[in-house]
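S.K.: Pasted the sequence and its predicted model underneath.
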Number of protein chains: 2
Amino acid sequence: MDSLVDKLKRTKATAITLGNLSDGEKRRALEAIADAVAKDKQAAQEANRRDVDAARAASRSAAYLNRLTLTDKVFDLMVEQIRHVATLPDPVGVILERRMLPNGIELEKRTVPIGVIGIIYESRPNVTTDVVALSLRSGNAVVLRGSSSALNSNRVLVASIHRGLEQAGVPKEAVLFLDAADREVVNDIVQQDAYVDVIIPRGGYELVKKVQAVSRIPVLYHAAGGARIYVDESADLKQATTICVNAKTTRPAVCNSLDTVVVHEAVAATFLPKLVAALSPFQVTVYGDERARQIISAEKATDELYATEFMGLSLSVKVVSGVEEAVAFIGRFTKRHSEGIVAKDRATINYFVGNIDAAAVFVNCSTRFHDGGEFGLGAEMGIATGKLHARGPVGLKELTTYQWVAYGDGQIRT
Amino acid sequence: MDSLVDKLKRTKATAITLGNLSDGEKRRALEAIADAVAKDKQAAQEANRRDVDAARAASRSAAYLNRLTLTDKVFDLMVEQIRHVATLPDPVGVILERRMLPNGIELEKRTVPIGVIGIIYESRPNVTTDVVALSLRSGNAVVLRGSSSALNSNRVLVASIHRGLEQAGVPKEAVLFLDAADREVVNDIVQQDAYVDVIIPRGGYELVKKVQAVSRIPVLYHAAGGARIYVDESADLKQATTICVNAKTTRPAVCNSLDTVVVHEAVAATFLPKLVAALSPFQVTVYGDERARQIISAEKATDELYATEFMGLSLSVKVVSGVEEAVAFIGRFTKRHSEGIVAKDRATINYFVGNIDAAAVFVNCSTRFHDGGEFGLGAEMGIATGKLHARGPVGLKELTTYQWVAYGDGQIRT
């Protein structure tokens, strides 16, 4: 049997080929993959039923089973998403800069694929087709390490993907699926910096933190999420209420949902009761500091709670003396993912935006918009909160790097 | 005494302040630093003499003493470089993208400083002012860990820098100099990912490799350099000779100098004797494969030699059947730093550029141009060969990241 390194070498060897595919070739490869996946729907769903049965036998939660199941709707959306990614603009070969140097050299800085993307992901089998589509559209080879709980589903999906690649004349080694049952392979992959250029973990934070702790390869993702929204004294309080309710209650388990409302003391007495009333249909548990608890009925907030990404229907509240204290408070607890402000005063907004260090700042709108699709990027691998390369949504552009090319006619350096 | 973490915390706390300095404030801070450094020239040179004396007593090489010595010329250039960086365009606050989303949100993607840059560097004391100027110009705080061999020089330079910062009203904690004698502090710094956002090692490859192996913080730099140039059958052989001699013999110790000439078999018999003749005044040791040695007198080349970055007056030669073999050969030995081609045939050039995976590719010009100054970027921290964030020269732009800001008027996600 081939070793992991043998397999990775073959995948790495396809990267240059992929990087040279034209826009049309890449689009056709994605279409061929979508066709092949669609054709194998029955086989994929049968395999998926075996995965779901095993997970049920292992007493997995309803939410877990739900994420794992390839319903007709999920399956069809999955195929549709491959076709959607095919329609997005080719991010490769874009000239970022072009300049004529004084010595006559024409210097170009142009986008190229990163090379080999390593994806380590958990149960959802639709992630398989999603990340393959994004990686190939951006000219990258991809190494997939899926969850053992979705192994049967993923095997069928990858077989379809490989058939699609073959039909499109693209080497099937461009998509390497590591079909290993043992968990150790994750530790092995992240050491292979000669063959894998970036690791993108997709799954729970435990997985992400583990990968970040051991990886020798740069990792793009966020190990924590959640948001705070500061409601200034200049805010339209009705707007602030609507935004906070939206940010808290629509999909509270996702990474851009609201954890803490930070409110200016001058409007706390008016705003907080409105907010609590608007949240009441959603059965949100509210935690407040002393000043908040003089206004509304709330559990006692602690620093630990302010640091918590709830991923559920809880919300903490903090009363502050103004935007400066709000910024200092958010600075202590931010996950550098999504932070928001509701205010009308321009100077306050500018101060907030200039002093908050986060991937995205939302002014008078919901933090729930932090998403590659909502940002108009078409699709994304996820949100990154590191400072280098990609910050916020990791879309097709973020799956490219660049190369300098200097065109001369004999220039030498003196 | 303060712990390392206490110091780093205070430096991190200045990062937001620095990020909000205006173009003019940053320029004035650099001018004030240049003035303060210039004023302390005598003290710096006295301290430097103590460092040089100690290095001489430790029997350091002439090259080492040369790099360590702050001559009048080196000192004046150092001050001039601070003033030069002050004149470069402010890289912060540049709008990279601005789009109106269908829901009316105005989305901006704009450059912000990275935050805290950690520099770990070796003997040259002029690196101290150089990296401080680049970091501050791009709105970053900086943590300096210089070599103990330049400790006296660096202490004086940093004292001048701090006086300049104070005169400009910028918190002096923005430049943290770790004045520790023990080497362990390097290991400590690179674990502090809560306070330092990127590590840039500047020095020998042993240092760079050590830092990359242990750092929890992303590292920007190259751990190996060197270049190959392919001379095609369509090349102007006189031009090829001039370019290869230039790439090999002007500063052979630097990272963009030539290690291997890869030559098309159809022109090898004409080209190689010309090349050897042109190199003869420079006393270059030439290694060749069997086919090259049938044409010129050369030592025997090996794969190990082809993989070697000589950093001196040695050169290896490989004869190939054409551009495809040249690309495959370079693919085996490239350090992904600088690669070149001399050719007239457009298809050959395009094939080469499209199939070489390196930070910069040089077509009909010397690889010695791989440099931020030569590329028109004004100045650089060094060259990076990783795939993410920065590839090639790390200039002011590469010392920034970006932040998304969404300006709405009450939008919520449905």
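M.R.: Right, received. Where do you want to start? Numbers count the residues shown, from 1 in each chain, chains lettered A, B, ... in the order given.

S.K.: Give me the contact list for the helix or strand harbouring A:L144.
M.R.: Using DSSP states H and E, A:L144 maps to strand A:141-145. By C-beta atoms under 8 Å, 6 or more residues apart in numbering or on different chains, the residues outside strand A:141-145 that reach it are A:8, A:11-12, A:14-15, A:18, A:115-121, A:128, A:131-132, A:135-136, A:154, A:158, A:173-178, A:180, A:185-186, A:189, A:196. (Glycine included, C-beta is placed from N, CA and C.)

S.K.: can you count the residues close to the residue in the stretch 201-350 of chain A positioned nearest to chain B?
M.R.: Scanning the stretch 201-350 of chain A for proximity to chain B using C-beta to the nearest C-beta identifies A:N246 as nearest, at 3.6 Å. By other C-beta atoms under 10 Å in any protein chain shown, 21 other residues sit near A:N246.

S.K.: follow-up on the earlier one: now for the helix or strand following the strand holding A:L144, which elements pack on it?
M.R.: With elements assigned by DSSP H and E, the helix or strand that comes after strand A:141-145 is helix A:151-168. Using 3 or more C-beta pairs under 8 Å, 6 or more residues apart in numbering or on different chains; DSSP states H and E as the contact criterion, the neighbours of helix A:151-168 among helices and strands are helix A:23-39, helix A:41-57, helix A:126-137, strand A:175-177.

S.K.: And for helix A:151-168, what's in contact with it?
M.R.: A:25, A:28-29, A:31-37, A:39-40, A:43-44, A:47-48, A:50-51, A:68, A:70, A:125, A:128-129, A:132, A:144, A:146, A:171-172, A:174-175, A:177, A:179, A:181.

S.K.: next one: stretch A:222-229
M.R.: The list of residues contacting stretch A:222-229 from outside it, by C-beta under 8 Å, 6+ apart, reads A:205, A:208-209, A:212, A:240, A:243-244, A:247, A:254-262, A:308-311, A:330, A:333-335, A:337-342, A:359, A:362, A:367, A:370, A:382-385.

S.K.: among those, which ones are buried?
M.R.: Those of these that meet the buried threshold are A:205, A:208, A:212, A:240, A:243-244, A:247, A:255-262, A:308-311, A:330, A:333-335, A:337-342, A:359, A:362, A:367, A:370, A:382-385, by 16 or more other C-beta atoms under 10 Å in any protein chain shown.

S.K.: Okay, and which of the residues you listed map to helices?
M.R.: The helices in this structure, assigned by DSSP state H, contain A:205, A:208, A:212, A:240, A:243-244, A:247, A:330, A:333 from the buried ones among the contacts of stretch A:222-229.

S.K.: Make a markdown table out of the residues you listed and add distance to A:A224 and pLDDT.
M.R.: Supplementary listing: these in a markdown table, determined by distance: C-beta to C-beta, whole Å; pLDDT from 0 to 100:
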| residue | distance to A:A224 | pLDDT |
| --- | --- | --- |
| A:Y205 | 6 | 89 |
| A:V208 | 9 | 91 |
| A:Q212 | 11 | 87 |
| A:A240 | 25 | 98 |
| A:I243 | 22 | 98 |
| A:C244 | 20 | 98 |
| A:A247 | 17 | 98 |
| A:I330 | 14 | 98 |
| A:F333 | 11 | 98 |
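
S.K.: how close does the closest residue to A:K172 other than its chain neighbours get to A:F75?
M.R.: Using C-beta to C-beta, 6 or more residues apart in numbering or on different chains and skipping residues adjacent in sequence, the residue nearest A:K172 is A:H162, 4.2 Å away. Using C-beta to C-beta, to the nearest Å, A:H162 is found at 18 Å from A:F75.

S.K.: Could you do A:S234 as well?
M.R.: For A:S234, the distance to A:F75 equals 49 Å [C-beta to C-beta].

S.K.: Which one's more surrounded, those two?
M.R.: With other C-beta under 10 Å as the criterion, A:S234 and A:F75 differ in neighbour count, and A:F75 comes out ahead with 21 against 17.

S.K.: Kindly confirm whether my reading is correct that the more buried one touches A:A44.
M.R.: Yes. Between A:F75 and A:A44 there is a contact under C-beta atoms under 8 Å: 6.9 Å.

S.K.: name the helices or strands packed onto the worst-scoring helix or strand of chain A on mean pLDDT?
M.R.: When the helices and strands of chain A are compared on mean pLDDT, DSSP states H and E, helix A:184-189 comes out lowest with a mean of 85. The criterion is 3+ C-beta pairs under 8 Å, 6+ apart, and the helices and strands that helix A:184-189 contacts are helix A:4-19, strand A:116-121, strand A:141-145, helix A:205-214.

S.K.: By mean pLDDT, show me the worst of these.
M.R.: Of all the helices and strands packed on helix A:184-189, the minimum mean pLDDT falls on helix A:205-214 (a mean of 89).

S.K.: Which strands and helices lie in contact with that helix?
M.R.: Counting contacts by 3+ C-beta pairs under 8 Å, 6+ apart, helix A:205-214 packs against helix A:184-189, strand A:198-202.
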